[in-house]
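>>> My questions are about this predicted structure, shown below with the sequence.
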Protein chains: 2
Amino acid sequence: MTDVVTIFAAMEMVLTDGEPTVSGHARRSGPDRGGASREIHMAQFMDVHSGFIGVTAQQLKEAHERDLAIEKDEGVHFERAWLDPISGKVFCLSTGPSKEAVMRIHERAGHPTAEVHELTVEVA
Amino acid sequence: MTDVVTIFAAMEMVLTDGEPTVSGHARRSGPDRGGASREIHMAQFMDVHSGFIGVTAQQLKEAHERDLAIEKDEGVHFERAWLDPISGKVFCLSTGPSKEAVMRIHERAGHPTAEVHELTVEVA
């Protein structure tokens, strides 16, 4: 039996470059490349889109690429997205500094959603 | 930019043992250990639970372990589960032969849901 539980709220680590790849909460403190001091708090999110009935793999790929093309503007990274073309639901797993940052990228990419959940616990 | 698209509907492979670990559609044909011939079609699912407001990491772990303890009865495997204790949503990613098989395990484990989506497309 798999017996792993991850409490993201309990994870804090210092990132050593500008591209955080960890899942969960992380914090970068101190000066960035520009010399300004700022903190970036990363969390994990699942957002849900409705109405993607009959959408093809190619169409999902193109939509996802529109997110990836601009995600760095908000410090977000969209890790995976899954589609059920029968129910029309899309689930996107991402990391980023806030729910609002995820929403802004999706909106600019042309597929806004108001349903974004912050995932503070994961089991596997 | 990541440029990967997986179309599960197009994936079929022969599994060589009784524990499929691939994600997506797969098929096992031919005699199994018992000598009987059967086919197992595997698909990937995301199911959603509501009402888990304030649930702790330990509680989610215990709920997940109740699924894992009986999942083989239906040929299901629950890969990951994520919780947003503020909105009370839980998302479970699984593989299995059918939506109904996933639902039966969750029901027997004490946390039934009617919201199970078959994920035939994934991008990463």
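Now that the structure is in, tell me what you want to look at.
>>> so A:Cys86 makes contact with B:Glu118?
Actually, residue A:86 is Ile rather than Cys. Yes - counting by Cβ atoms under 8 Å, A:Ile86 touches B:Glu118, with 6.7 Å between them. (Glycine included, C-beta is placed from N, CA and C.)
>>> Give me the common contacts of the two.
Contact with both A:Ile86 and B:Glu118 is made by no residue, according to Cβ atoms under 8 Å, 6 or more residues apart in numbering or on different chains.
>>> the more surrounded of these two?
B:Glu118 (21 against 11; other Cβ atoms under 10 Å in any protein chain shown).
>>> if I read this right, the more buried one contacts B:Met42, doesn't it?
No - if you go by Cβ under 8 Å, B:Glu118 and B:Met42 don't touch, sitting 11.1 Å apart.
>>> what does chain A put close to chain B?
Neighbours of chain B within chain A, by Cβ under 8 Å from any Cβ of the partner chain: A:1-3, A:5-7, A:44, A:46, A:55-58, A:60-61, A:64-65, A:68-69, A:79-87, A:89, A:91, A:93, A:117-124.
>>> tell me which element A:Ala43 is part of?
strand A:40-49 (DSSP states H and E).
>>> what mean pLDDT would you report for that strand?
Strand A:40-49 shows a mean pLDDT of 89.
>>> elements contacting whichever helix or strand comes after that strand?
The C-terminal neighbour of strand A:40-49 among helices and strands, as given by DSSP H and E, is helix A:57-70. Counting contacts by 3 or more Cβ pairs under 8 Å, 6 or more residues apart in numbering or on different chains; DSSP states H and E, helix A:57-70 packs against strand A:77-84, helix A:99-108, strand B:5-7, strand B:121-123.
>>> comparing these, which gets the lowest mean pLDDT score?
If the helices and strands packed on helix A:57-70 are sorted by mean pLDDT, strand B:5-7 sits at the bottom with a mean of 51.
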